[in-house]
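A.B. asks: Sequence plus predicted model, see below.
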Amino acid sequence: MNARAAMAGPVRRSRLAMWCRQHAWCMRDSLRQLARRPLGTALTIAVMGLAWALPLAFYLLLVNVQHLATAVGDSQSINVFLKPGIAANGAAKLAETLRARGDIAAVTVRTPQQGLAELAAMQGFGDAIKSLPDNPLPFVLLVEPRPGASRALVQAMVAAVRAMPEVDLVQDNGQWRARLDALVALGRRIALLLAILLGAAAVLVIGNTVRLDIRGRADEIAVQQLVGASAGFVRRPFLYEGAWYGLAAGLFAILLVLLLEAVLAAPVRDLVATYAGRLRFGGLGWDTLGAGWGIAIALGWLGAWIASSRHLARLRP
């Protein structure tokens, strides 16, 4: 019993070493097959890379649209402009009245001096502000609705505030924000559908390429099957071939997205400068790019598996 247990360890190590050697041979063989047809390999990688770069570029657009929404107005704050005749004590009293409401979380009073200072800080308004004889801006109340409040409840609160006699104008940013969120959600759904469709196209491209390779190596495969090679051993080089395609195509797609970011960098800097730095744009994170690269490899493997499983069965003697 002890001798049998002592032999089990070397046997397992021998099987593991053989398994590693087989996979190493399959990886080298798949690379050799790709190198034999450089033009066809490059075209397949380019087609699959372009197909996978499109959803990544669209997702990049959505990410920066969300950054734009954050800069322009991330919250559902409501700007309440008081009538010009309302003094500081009247604005403070109205703010206390609004804070007492259950559907309002916070109220901030912005004085005319603060509003004028903000206008003076914006590009192109400095000279115009200096020419004003006095401050024409009214008091403004920044009203934050209660967190989790429904859109209907916020609209009812806006209507009640608009009916107050001290109020001149109510600007509801939440409605614009809700529309933008709906557009971003629609864009995410479109990006997902686009990724699925183009991913399916990439699988078909890899599957067709592997199918042609199997047909070209039919005699070699038949000899392997006659000498007792398992289906997994015969299929393995083609699976590695699909994975190599996916790896190269994913890298190609990432480089295209990075090139797109570099091309748009200068116009984006000019746009940010016009908003006095309040806008923030950025590229895709390395985690997103890495996930896209991994999905590309998986798609290449899947296309090769589908093609090899179907066509190798037909070649079995």
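C.D. replies: In hand now; what should we look at?
A.B. asks: List the buried residues of stretch 191-200.
C.D. replies: Using 16 or more other C-beta atoms under 10 Å as the test for burial, stretch 191-200 gives 191, 194, 195, 198, 199. C-betas here are computed from N, CA, C, even on glycine.
A.B. asks: next one: stretch 287-304
C.D. replies: 288-289, 292-293, 295-304.
A.B. asks: Now tabulate these in a markdown table and tack on distance to residue 206, pLDDT and secondary structure.
C.D. replies: As requested, the buried residues of stretch 287-304 are arranged in a markdown table below (distance: C-beta to C-beta, whole Å; pLDDT from 0 to 100; DSSP: H, G, I helix; E, B strand; the rest coil):
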| residue | distance to residue 206 | pLDDT | secondary structure |
| --- | --- | --- | --- |
| 288 | 23 | 80 | helix |
| 289 | 21 | 84 | helix |
| 292 | 16 | 85 | helix |
| 293 | 15 | 87 | helix |
| 295 | 13 | 87 | helix |
| 296 | 10 | 87 | helix |
| 297 | 11 | 88 | helix |
| 298 | 11 | 89 | helix |
| 299 | 7 | 87 | helix |
| 300 | 5 | 87 | helix |
| 301 | 9 | 87 | helix |
| 302 | 8 | 88 | helix |
| 303 | 3 | 85 | helix |
| 304 | 6 | 85 | helix |
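A.B. asks: how about the strands of the stretch 151-300 of the chain, start to end?
C.D. replies: With DSSP state E, counting those that start in this stretch applied, the stretch 151-300 of the chain shows strands at 167-172, listed in chain order.
A.B. asks: where are the low-confidence patches of it?
C.D. replies: When residues are selected by pLDDT under 70, those of the stretch 151-300 of the chain lie in 173-175, 177, 225, 228-232, 271-282.
A.B. asks: related to what we said a few turns ago, could you dump the buried residues of stretch 191-200 into CSV and include distance to residue 44?
C.D. replies: Formatted as CSV, the buried residues of stretch 191-200 follow (distance: C-beta to C-beta, whole Å):
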residue, distance to residue 44
191, 24
194, 21
195, 19
198, 15
199, 15
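A.B. asks: of all the buried residues of stretch 287-304, which comes closest to residue 237?
C.D. replies: Comparing these against residue 237 with C-beta to C-beta places residue 304 closest, at 9.4 Å.
A.B. asks: Number of residues surrounding the nearest residue in space to the closest one that is not next to it in sequence?
C.D. replies: Excluding its sequence neighbours, the residue lying closest to residue 304 (C-beta to C-beta, 6 or more residues apart in numbering) is residue 242, at 2.5 Å. Neighbours of residue 242 under the rule other C-beta atoms under 10 Å: 28.
A.B. asks: And stretch 90-105, how far out from the chain middle?
C.D. replies: In terms of C-alpha atoms, centre = their mean, to the nearest Å, the centre of stretch 90-105 is set 40 Å apart from its chain centre.
A.B. asks: Buried residues, that stretch. List them.
C.D. replies: 91, 94, 95, 98, 104.
A.B. asks: Kindly indicate which of those lies nearest residue 185.
C.D. replies: residue 104 (26.8 Å).
A.B. asks: on that earlier part again, pull the most distant pair out of the buried residues of stretch 287-304.
C.D. replies: 288 and 304 (25.1 Å).
A.B. asks: which residues in the chain form helices?
C.D. replies: Along the chain, the stretches classed as helices by DSSP state H are 2-36, 38-73, 88-99, 112-121, 126-130, 151-162, 173-216, 218-226, 231-274, 286-315.
A.B. asks: Need the nearest residue in space to residue 251, chain neighbours excluded.
C.D. replies: Counting by C-beta to C-beta, 6+ apart, residue 251 lies nearest to residue 293, which is 6.8 Å off, once chain neighbours are set aside.
A.B. asks: For that neighbour, give me its contacts.
C.D. replies: 247, 250, 251, 253, 254 (C-beta atoms under 8 Å, 6 or more residues apart in numbering).
A.B. asks: most surrounded residue in those residues?
C.D. replies: Neighbour-wise, the contacts of residue 293 (other C-beta under 10 Å) top out at residue 250, 28 neighbours.
A.B. asks: From what I see, the residue nearest to residue 304 and residue 300 are in contact.
C.D. replies: Yes - under the criterion of C-beta atoms under 8 Å, residue 242 makes contact with residue 300 at 4.2 Å.
A.B. asks: shared neighbours, the two?
C.D. replies: What both residue 242 and residue 300 touch, as defined by C-beta under 8 Å, 6+ apart, is the set residue 206.
A.B. asks: any idea how far residue 149 is from residue 236?
C.D. replies: As judged by C-beta to C-beta, to the nearest Å, residue 236 and residue 149 stand 58 Å apart.
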